[in-house]
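> Just the structure for this:
(one chain, ligands or ions: 1)
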Amino acid sequence: KGCKLVGCGSAVPTLQISNDDLAKIVDTNDEWISVRTGIRNRRVLTGKDSLISLSVEAARKALEMAEVDADDVDLVLMCTSTPDDLFGSAPQIQKALGCKGHPVAYDITAACSGFVLGLVSAACHIRGGGFKNVLVIGADALSRYVDWTDRGTCILFGDAAGAVLLQACDSEEDGLFSFDLHSDGDGRRHLNASTKENEVDHPLGPNGSLADFPPKRASYSCIQMNGKEVFRFAVKSVPQSIESALEKAGLTGSSIDWLILHQANQRIIDAVATRLEVPPERVIANLANYGNTSAASIPLALDEAVRAGKVKSGHTIATAGFGAGLTWASAVLRW
Ligand code: ACO
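Below is the predicted model:
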């Protein structure tokens, strides 16, 4: 049994924040941000949108492109680390899409690697589980966990949603050639947004007494990041992982049509492309407009490239997500 990509879609909030806007709230400037990251603008969720509404919009566009009815979707995977509901958002997306077939729907949490891990999970469900039409949504609103007084992180992130529809097909049409997946919990110290420790004590308190009962409501700290370490990890591990996936697919960096990386930093994208010998004209990048949108960045970049007529039917794509966890995941596929 094979699986192929048959549709994509994306959605972003309307509020745009430029580098100049950020320079009004932290000590930074457009030149520093553009030179160090390639980012010029980002979109930020306001009360008008939710992550679910963006995801539903992206999913509807993917279904429309695929000409598949929502009733025929049998699995919805919502890849996000910033859900509207702590217990998961996928069932609410299923409901909003009005899927009468009542597909199973659940969330996957893997930060910026979430979309690629979701795609591979979807392929496994199709190949081994008999599923036929799987919606994979990558969506994040990191603006909810950004410290807007920290110039080291607040300049990087934006909010968005992207979706693809993966469909069962005969094995000769298979469009997911290979993948390569990794995690390293030791690297968590370089990038995390943890529950606040003093608020998640055991209900009976540290000494087992009732003095601290009831416990305070848990909350998360803002994103804590050692940018240099994350940068170093990305430029070392991501090319290795993509090379491994390309080798499994019998391809090389110079034989693929497109490289679509998680959109974290233009310098990371350039370094990975150079190492893989992918020429700049075959690299898709849109982070100048959206910043790092975490799990949404790959399907958002793919969707824009498909709709712009750059990525065409039959093209081969190498993709990789990487980030918090630490996690990193590559896949080689055909559009
Ligand atoms: N504006 C102006 N100056 C700044 C800013 C800013 N926004 N931020 C930092 N600086 C200053 C620093 O204070 C420092 O000043 P100093 O030399 O006087 O001490 C100087 O600029 C250099 O700072 P560095 O942190 O060393 O800058 P660097 O070149 O490493 O760039 C950056 C920082 C852009 C964050 C880079 O390290 C990076 O992109 N790392 C990867 C981060 C990433 O991709 N994270 C997302 C992972 S995805 C996920 O899972 C969430």
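
> my guess is Lys310 contacts Arg282, does it?
No: contact criterion Cβ atoms under 8 Å: Lys310 and Arg282 do not qualify, at 9.5 Å. Glycine gets a C-beta too; all of them are placed from N, C-alpha and C.

> what do those two both touch?
Common contacts of Lys310 and Arg282 (Cβ atoms under 8 Å, 6 or more residues apart in numbering): Trp258.

> Just name whatever secondary elements the longest helix seen in the chain is in contact with.
Longest helix in the chain by number of residues (criterion: DSSP state H): helix 227-248. Other helices and strands packing on helix 227-248, by 3 or more Cβ pairs under 8 Å, 6 or more residues apart in numbering; DSSP states H and E, are strand 176-183, helix 266-276, strand 316-323, strand 327-334.

> The same query, at a cut-off of 10 Å, please.
Helix 227-248 sits against helix 30-37, strand 176-183, strand 191-192, strand 258-261, helix 266-276, strand 316-323, strand 327-334, with contacts defined as 3 or more Cβ pairs under 10 Å, 6 or more residues apart in numbering; DSSP states H and E.

> By mean pLDDT, show me the worst of those.
Comparing mean pLDDT across the helices and strands packed on helix 227-248, the weakest is strand 191-192, with a mean of 92.

> And Lys312, its phi and psi?
Dihedral angles phi and psi of Lys312 (degrees, to the nearest 10) take the values phi -120, psi 160.

> Gly187 contacts Ser237, correct?
Yes: contact criterion Cβ atoms under 10 Å: Gly187 and Ser237 qualify, at 9.4 Å.

> list the residues that contact both of the two?
Taking Cβ atoms under 10 Å, 6 or more residues apart in numbering as the criterion, Gly187 and Ser237 both touch Leu326, Trp328.

> And the strands in the chain?
Read by DSSP state E, the chain holds these strands, from start to end of the chain: 2-11, 16-18, 41-43, 75-79, 104-108, 133-141, 159-169, 176-183, 191-192, 224-225, 258-261, 316-323, 327-334.

> Return the distance of the fifth one from the chain's centre.
Relative to the chain's own centre, strand 104-108 is displaced by 15 Å; criterion: Cα atoms, centre = their mean, to the nearest Å.

> Next, the buried residues of that strand.
By neighbour count on 16 or more other Cβ atoms under 10 Å, the buried set for strand 104-108 is Ala105, Asp107, Ile108.

> How about the third one?
Neighbour-count burial for strand 41-43, counted by 16+ other Cβ under 10 Å, picks out Asn41, Arg42, Arg43.
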